[in-house]
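**Student:** From the sequence below, what's the structure:
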Amino acid sequence: MPEGQELCLQVLHAKHDHVLAGHFGQPKMLSLVRKDFFWPKLWKFMVDYVRSCNICTRNKTKQHWPYGFLKQLPIPLQSWNSILMDFIEQLPPSEGFTEILVIIDRPTKQAVFIPTYRSIDAPRIADLFVRHIFSKHGVSSYVTSDRGLEFVSRFLNR
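**Tutor:** Residues are numbered from 1 along each chain as shown. Predicted coordinates:
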């Protein structure tokens, strides 16, 4: 088949979007097209076409494991026993700092804002935590962060 995007689109439209075609997925679509046609980079062209199909993206079920259930945070019994940690990122440089580490006490909603750098890692965050939070409020039993369990684990084990 001569290389022409318009011809390729017409072939894929006839094999995929036709009323009797059935909006097949990538493997079946490839075998249907290869029976009658071939052109360079057919697989990539066909994959892009099927992924861009509005009907397929709305109606086909996702083929992945189900997401886990959300777990309710424990109710804190005292101040600074349960904290939330997050970063405000991509700020313009101010005295060399480009991010802010935000630590919030859940029961009182008191927040501490600590200026940091983009390249900060868990040991440095632990050092900032000791200087700004632990020295004033003691050990927190629960730390919640959107950086993931591995980050919180590395942070707490420092």
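
**Student:** The protein: strands as residue ranges?
**Tutor:** 82-88, 99-105, 111-116, 142-145 (DSSP state E).

**Student:** Any chance of JSON lines for these, columns mean neighbour count, mean pLDDT and distance to H23?
**Tutor:** Every residue, glycine included, has its C-beta placed from N, CA and C. What follows is the strands of the chain, written out as JSON lines (neighbours: other CB atoms under 10 Å; pLDDT from 0 to 100; distance: least, CB to CB, whole Å):
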{"stretch": "strand 82-88", "mean neighbour count": "18", "mean pLDDT": "91", "distance to H23": "42"}
{"stretch": "strand 99-105", "mean neighbour count": "18", "mean pLDDT": "94", "distance to H23": "45"}
{"stretch": "strand 111-116", "mean neighbour count": "14", "mean pLDDT": "95", "distance to H23": "49"}
{"stretch": "strand 142-145", "mean neighbour count": "15", "mean pLDDT": "84", "distance to H23": "42"}
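
**Student:** Show me the helices in this protein, by range?
**Tutor:** Here the chain has its helices, by DSSP state H, at 5-12, 26-36, 42-51, 54-59, 122-129, 135-137, 149-156.

**Student:** Ok, which of these comes nearest L84?
**Tutor:** Nearest to L84, of all those, is helix 149-156, at 11.1 Å by CB to CB.

**Student:** sorry, back to before: so which of the helices of the chain is the most surrounded?
**Tutor:** Highest mean neighbour count of the helices of the chain: helix 122-129, a mean of 17 (counted as mean count of other CB atoms under 10 Å).

**Student:** Can you list the helices and strands that that helix packs against?
**Tutor:** strand 99-105, strand 111-116, helix 149-156 (3 or more CB pairs under 8 Å, 6 or more residues apart in numbering; DSSP states H and E).

**Student:** quick revisit: for L70, which of the helices of the chain is the nearest?
**Tutor:** helix 149-156 (14.1 Å).
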